[in-house]
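Colleague: have a look at this fold, sequence not included:
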C-alpha cells in the first residue's frame, strides 16, 4: 500500500501548486514494480522450504550411511549434504556419464520412483575394498562386470533400506530397489521436461571422495508436498519423540546380537605338552563334574548352568542368575 498523506501535507501540496512552486509535470510516479520472467518450461514446483526440508531429511540419512557403510567396507566413511537444487529430468540425465551406477527405487506407498546415482569412482573404491583391496578406484573407467554389479546391488539395497528412518516424519515408506542401470538411456522413469529435486551427498571413503545424487521427481512426491516443510517435520519428530522414542530404543536394543559362552572349566599345560597332544588324550580341568558351569554374556559372568543335550546338540540348563550385587 502506498504512503497516506496527512491533511496538513495535502494543504501544503495544494498551496505549492497554486503558487507555482511545484509543477505537476515534475511529479514523478513511484517506482514501478519489477516484473520477473517466468519460464513455463521450468515451472517452480519445489520451493526453498521444500528443498530445506529435504536437506534435513538427507542430513539424517547421511548420519545413518556413515554408521552403516563402514560395516561393509571396514573403513571410516564421512557423509555430508553438499547441495540441493531443482532441474528438469533431461538436464539430470544429460549430465550423467556412461557407464553410471543408477539405482531405480520404487518409493512405495507413493506412486512413482526415485533414482540414486552413485559416482563411479566411489563404486570402484567400494568394490576394491569389499574384494580385499585398499579401496583405490580405477584410473580409467570401464564397464562393470556381472559379479561387480551383483556386489554393487547389495550396497544399493542397504542404501535403499536406510531411507525408511529419515522419511518417517513425513511418511512411512517401504522403498524397494527394483533394478540397477549403467546406461542413463535405460533410466527414463519420467518425462524429460518434468521437474525434479536433486539432493547431493558428498561421501569420503578414506582418501576417495565422490558424490551420491538422489533424483526426487515432483510426480513422485506430489502427494506429500504439503508435509515437506520444517514446521510439519519438526512437529512430527517431536510427537514421535514423546510417544515412541523409549519404545523405539528398546526395540533396537532387543535386536542386538550378543555373544554367549558356557565354560566347562579351565586348565594350564606346558607348551611341550600342548605340542604333543594326540587324539584321545585327556586334559584335566579345574572344575568337578557335579559343579555348575559358568555362563558368560560377552565378558560378563551372568548365569550358572548344568551341561546337557537338546536333540542332537549340546545345551546347558540355567540354574541361577548372577546379579550385579553378587
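Modeller: Alright, I've got the coordinates. Remember, predicted model here, so these are calculated numbers, not experimental data.
Colleague: only C-alpha atoms for contact and neighbour calcs from this point on.
Modeller: Noted.
Colleague: which helix or strand contains residue 262?
Modeller: Residue 262 belongs to strand 260-263 when assigned by DSSP states H and E.
Colleague: what is that strand packed up against?
Modeller: Counting contacts by 3 or more Cα pairs under 8 Å, 6 or more residues apart in numbering; DSSP states H and E, strand 260-263 is packed against strand 293-297.
Colleague: I'd like to know which elements the very next helix or strand once past the strand it packs on is packed against.
Modeller: Moving toward the C-terminus from strand 293-297, the next helix or strand (DSSP H and E) is strand 300-310. Contact here means 3+ Cα pairs under 8 Å, 6+ apart; on that basis strand 300-310 packs against strand 293-297, strand 313-321.
Colleague: which residues sit against the shortest one?
Modeller: Strand 293-297 is touched from outside by 258-265, 301-307, with contacts defined as Cα atoms under 8 Å, 6 or more residues apart in numbering.
Colleague: same deal with stretch 122-139?
Modeller: Under the criterion Cα under 8 Å, 6+ apart, residues 72-73, 101, 121, 148, 151-152, 205-206, 208-211 lie in contact with stretch 122-139.
Colleague: can you tell me the SS state at the closest residue to residue 211 other than its chain neighbours?
Modeller: Taking Cα to Cα, 6 or more residues apart in numbering as the measure, residue 211 lies nearest to residue 202, with 4.7 Å between them; neighbours along the chain are not counted. Following DSSP: H, G, I helix; E, B strand; the rest coil, the label given to residue 202 is strand.
Colleague: what pLDDT does residue 202 get?
Modeller: The model reports residue 202 with a pLDDT of 92.
Colleague: contacts only, for it.
Modeller: 79, 80, 81, 82, 209, 210, 211, 212.
Colleague: and what of residue 146?
Modeller: The neighbours of residue 146, taking Cα under 8 Å, 6+ apart as the test, come to nothing; the list is empty.
Colleague: roughly how far does it sit from residue 153?
Modeller: 10 Å (Cα to Cα, to the nearest Å).
Colleague: distance of residue 250 from residue 256?
Modeller: From residue 250 over to residue 256 the distance is 10 Å, taken as Cα to Cα.
Colleague: okay, these two: which has more neighbours?
Modeller: With other Cα atoms under 10 Å as the criterion, residue 250 and residue 256 differ in neighbour count, and residue 250 comes out ahead with 11 against 7.
Colleague: hang on, residue 103 in a helix?
Modeller: No - with three-state DSSP as the criterion, residue 103 is assigned strand and is not in a helix.
Colleague: can you add mean pLDDT and give the helices and strands packed on strand 300-310 back as TSV?
Modeller: Converted to TSV, those look like this (pLDDT from 0 to 100):
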stretch	mean pLDDT
strand 293-297	88
strand 313-321	88
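Colleague: fine by me, thanks again.
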